[in-house]
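Q: Following is a predicted model, sequence given first.
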Amino acid sequence: MKEIFREILGVLFPKRCPGCDGILRVDELSQGFCIECMEELERIEGALCMKCGKKLYDNSKEYCRDCAKMNHSFDMNRALYLYKGPIVEGMYRFKYSNRRQYADVFVKDVERFLMDFLNNIQKDGAIDGIVPIPMNQSSVRKRGYNQAEAIAERVSELIDVPVYKNLVLRNKSTKKMKTLDPVERRLNLINAFKYHETGVKLKKILLVDDIYTTGATMDSVSTVLKDHGVKEIYSICVCIGSDQE
Ligand SMILES: [Zn+2]
Ligand SMILES: [Zn+2]
């Protein structure tokens, strides 16, 4: 009975590949991506920057070029895939074309590939809250959901830690990040977030976002949280940029 029910659900709501949006074949379901996209998808593994988790192309280094130059206000970030190839358009659909179901695939890969990281950072004490990077409210209204929240909710089930959606809010007038260069991005972000007093006091937080590029967003949110008593901040992202460009 259960099997039939699952099959009907599969017909009504077919699972799609986050790379090309094609409907997955039965033998592709466990991977979450179709075979073609799987081949092009580059997972973040091997030697990684100790801070942001970018893949290092020079194994003798401990940090990527960005992190060697500057201090981040978060403690450590890890990501699943290189932001390159089919996943680039996938992330766009995830954000703008109502494909929040991709979050199931991403969090399955969090379970597969980032559990060691999540266990390690909790060795000396559990994470006490998951915070998705907030979007501004008009974007939420337009799109109907925050893609970081969709991931955070599933990670919450995975590691049994509650999500705090309103601990940090986005200030209204932030410019579109896409049009800005890295320096402008940082300036634009300095006042982009504000702390929302809810009475909860958290010490160790896991931030969740879709794409890590320079870390400027993570830094801004982390600064706001650390200014309000949070001691340790870790983060996970679906995609991350390359150290080479
Ligand atoms: Zn595909
Ligand atoms: Zn780095």
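A: Arrived safely, thanks for sending. Ligands and ions are numbered 1, 2, ... in the order given.
Q: Checking I236 next. Helix, strand or coil?
A: Following DSSP: H, G, I helix; E, B strand; the rest coil, I236 is assigned to strand.
Q: quick one: the strands in this structure?
A: 76-82, 129-132, 168-170, 193-195, 204-212, 232-240 (DSSP state E).
Q: hey, which helix or strand in this protein has the poorest pLDDT?
A: helix 2-12 (a mean of 70; mean pLDDT, DSSP states H and E).
Q: Can you report how many residues neighbour I121?
A: 18 (other C-beta atoms under 10 Å). (C-beta placed from N, C-alpha, C; glycine too.)
Q: got JSON lines for the strands of the chain, with distance to L225 and mean neighbour count too?
A: Shown next, in JSON lines, are the strands of the chain (distance: least, C-beta to C-beta, whole Å; neighbours: other C-beta atoms under 10 Å):
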{"stretch": "strand 76-82", "distance to L225": "14", "mean neighbour count": "23"}
{"stretch": "strand 129-132", "distance to L225": "7", "mean neighbour count": "24"}
{"stretch": "strand 168-170", "distance to L225": "7", "mean neighbour count": "20"}
{"stretch": "strand 193-195", "distance to L225": "7", "mean neighbour count": "16"}
{"stretch": "strand 204-212", "distance to L225": "6", "mean neighbour count": "23"}
{"stretch": "strand 232-240", "distance to L225": "6", "mean neighbour count": "25"}
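Q: okay if I get those strands as CSV plus mean pLDDT and distance to ligand 2?
A: As requested, the strands of the chain are exported to CSV (pLDDT from 0 to 100; distance: least, C-beta to the ion, whole Å):
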stretch, mean pLDDT, distance to ligand 2
strand 76-82, 98, 8
strand 129-132, 97, 21
strand 168-170, 91, 22
strand 193-195, 92, 21
strand 204-212, 97, 9
strand 232-240, 98, 9
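Q: Relative to S220, which of those is closest?
A: strand 193-195 (5.3 Å; C-beta to C-beta).
Q: okay, the strands of the chain in a markdown table with distance to E184 next?
A: Shown next, in a markdown table, are the strands of the chain (distance: least, C-beta to C-beta, whole Å):
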| stretch | distance to E184 |
| --- | --- |
| strand 76-82 | 22 |
| strand 129-132 | 24 |
| strand 168-170 | 17 |
| strand 193-195 | 17 |
| strand 204-212 | 18 |
| strand 232-240 | 21 |
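Q: Any idea which of those strands gets closest to ligand 1?
A: strand 76-82 (12.9 Å; C-beta to the ion).
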